[in-house]
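Colleague: Mind folding the following:
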Amino acid sequence: MSTRSIPVRALATCCLALVCRPCAQAEPSLSTGGNEFDFDQNWREVVAEFHAGCERQGIVGASLMFVEGDQVRGLATHGFADRAGERAVDADTIYHWASITKTFTAIAVLQLRDRGRLRLDQPILDFVPELRHCHDPEGWLPGITLRHLLSHSAGFRSPTWPWGGDQPWHPHEPTGFEQLVAMMPYTAVEFAPGSRFQYSNPGIVFLGRAIEELTGDDYEVHVDKNLLRPLGMQRSYFDVTPWHLQGHRSHSYRSNGKDTEDLGPDFDTGVTVSNGGLNAPLPDMARYLAFLLGATGDDQDAAAVLARASLEEMWQPILPTSASGVEQMGLCFFLQEHGGSPFVTHTGGQRSFVTFFYVHPASGTGALGAFNTGSGGPVMAAMRRLCMERLSLPMAR
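Modeller: So this is what the prediction gives:
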């Protein structure tokens, strides 16, 4: 496809997708830059590796997008959104974004903070009193705040549903909050809040519950009204696909050795919707990246979503995610440094969908990737790194 800049708002009406099922090929040698950065050449080489990686990993369908501000600089697609139906991935294909949903939940919390409805250092017990039933022999629970939950340092376990999933009739995730409440006597506060990082799905679910308790809206309704609509993300939604968008929804595929099992297009994230329920096409997600980059178009109301200072507050490092310290945790955003320059990022993985995004404030650029096959982790990680190194860093102002 052409790599001319295309406004995000125009993408849905343009035929931009490069749908390709390439033959096996040698891995390209990516350009190192030379005296003058050639975006088109580097993008072609990144796309060639995207297709080669998808072939190596047996990916049924995938998309990769690179943006500069509110302009789409490149979009590449691979394979099928529905293999049995022979429906190819295109610019309108809708993916499940999984844990990237957490960043929307965090922004919703900061919105409420800025509007005087809560404090980040307020105890989560003020909003979710059922947590008093958790196993808390050290008495740490009253000190767990919204800030601890946002930074994955509250002391709760990683999975939401630690005992389910071993039977085909089990739900994918708990379907109601009462199921989480029933598990609370068997849920421990595992370490002192704020003392270390532990990625926690239930911690974000508790934030979603707090939003509902404070606003009186279901989580999905609140986020739709206060984030998706102001940002013009008109084809984004939670859980089951609306009828008029069903023809664009990607299936997901579980890898079983050399074979892949079609898991279908939809599933219920249940009470964990605030943790991983968002579905959207890449052009809608590009609108989100434009907001994060401070480059929203005339048809987006960034001021109605979150003040720039509050957004940048979320990107301040709070604690390392591992002993190596190469990655830091902010308020629900992961912070990395490459080439001495900071990147803001998050990944997602659920029901065999694998996704990523990042933004690079120094260059005003970002990238998105979505893969509909559970084996997509290695190529997802490689594409994030290549876009950072070969595209964003050379474009830094």
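
Colleague: Past the lowest-mean-pLDDT helix or strand in the chain, which element shows up next along the chain?
Modeller: Ranked by mean pLDDT, DSSP states H and E, the weakest helix or strand in the chain is strand 19-20, scoring a mean of 35. Counting by DSSP states H and E, the element after strand 19-20 in chain order, helix or strand, is helix 39-57.

Colleague: which strands and helices sit next to the helix or strand following that following helix?
Modeller: Beyond helix 39-57 on the C-terminal side, the first helix or strand identified by DSSP H and E is strand 61-68. In terms of contacts (3 or more C-beta pairs under 8 Å, 6 or more residues apart in numbering; DSSP states H and E), strand 61-68 is packed against helix 39-57, strand 71-82, helix 282-292, strand 365-371, helix 377-387. All C-beta spots, glycine's among them, are computed from the backbone N, C-alpha and C.

Colleague: switch the cut-off to 6 Å
Modeller: Strand 61-68 is packed against strand 71-82, helix 282-292, strand 365-371, with contacts defined by 3 or more C-beta pairs under 6 Å, 6 or more residues apart in numbering; DSSP states H and E.

Colleague: With mean neighbour count, mean pLDDT and distance to residue 49 as added columns, please give those in CSV.
Modeller: Formatted as CSV, the entries for these read as follows, by neighbours: other C-beta atoms under 10 Å; pLDDT from 0 to 100; distance: least, C-beta to C-beta, whole Å:
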stretch, mean neighbour count, mean pLDDT, distance to residue 49
strand 71-82, 24, 98, 10
helix 282-292, 26, 98, 19
strand 365-371, 29, 98, 12
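
Colleague: Next, format these as a markdown table and append distance to residue 212.
Modeller: Compiled in a markdown table, these are given as follows (distance: least, C-beta to C-beta, whole Å):
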| stretch | distance to residue 212 |
| --- | --- |
| strand 71-82 | 32 |
| helix 282-292 | 22 |
| strand 365-371 | 28 |
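
Colleague: among the ones you listed, which is nearest residue 142?
Modeller: When these are compared for distance to residue 142 using C-beta to C-beta, the nearest one is helix 282-292, at 34.0 Å.

Colleague: CA atoms only for the very next helix or strand once past that closest one - export them in PDB, please.
Modeller: On the C-terminal side of helix 282-292, the closest following helix or strand by DSSP H and E is helix 302-305. The C-alpha coordinates for helix 302-305 follow below in PDB (Å, rounded to 0.1, in the frame of the first residue of the first chain):
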ATOM      1  CA  ALA A 302      -9.900  15.400  23.800                       C
ATOM      2  CA  ALA A 303     -10.700  18.000  26.500                       C
ATOM      3  CA  ALA A 304     -13.900  16.200  27.400                       C
ATOM      4  CA  VAL A 305     -11.800  13.000  28.000                       C
END
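
Colleague: Looking at the helices and strands packed on strand 61-68, which is nearest to residue 381?
Modeller: For residue 381, the closest of the helices and strands packed on strand 61-68 is strand 365-371, at 9.6 Å, according to C-beta to C-beta.

Colleague: partners of the closest one, with directions?
Modeller: Listed by DSSP bridges, the sheet partners of strand 365-371 and their directions read strand 61-68 (antiparallel), strand 353-360 (antiparallel).

Colleague: that's a helix at residue 180, yeah?
Modeller: Yes: with DSSP: H, G, I helix; E, B strand; the rest coil as the criterion, residue 180 is part of a helix.

Colleague: and the closest residue to it other than its chain neighbours, what does it touch?
Modeller: Among residues not flanking residue 180 along the chain, residue 174 sits closest, at 5.6 Å (C-beta to C-beta, 6 or more residues apart in numbering). Residue 174 is in contact with 161, 180, 270-271, counting by C-beta atoms under 6 Å, 6 or more residues apart in numbering.

Colleague: Inside strands: which ones of the residues you listed?
Modeller: The strands, defined by DSSP state E, take in nothing from these.

Colleague: Out of these, flag the one nearest to residue 82.
Modeller: Out of the contacts of residue 174, the one with the shortest distance to residue 82 is residue 270. That distance is 24.3 Å, counting by C-beta to C-beta.

Colleague: any idea where the helices of the stretch 101-250 of the chain begin and end?
Modeller: Read by DSSP state H, counting those that start in this stretch, the stretch 101-250 of the chain holds these helices, from start to end of the chain: 101-114, 146-150, 177-183, 201-215, 219-223.

Colleague: mean confidence score for the last one?
Modeller: Model confidence over helix 219-223 averages 98 on the pLDDT scale.

Colleague: Would you mark the buried spots in it?
Modeller: By neighbour count on 16 or more other C-beta atoms under 10 Å, the buried set for helix 219-223 is 219-220, 222-223.
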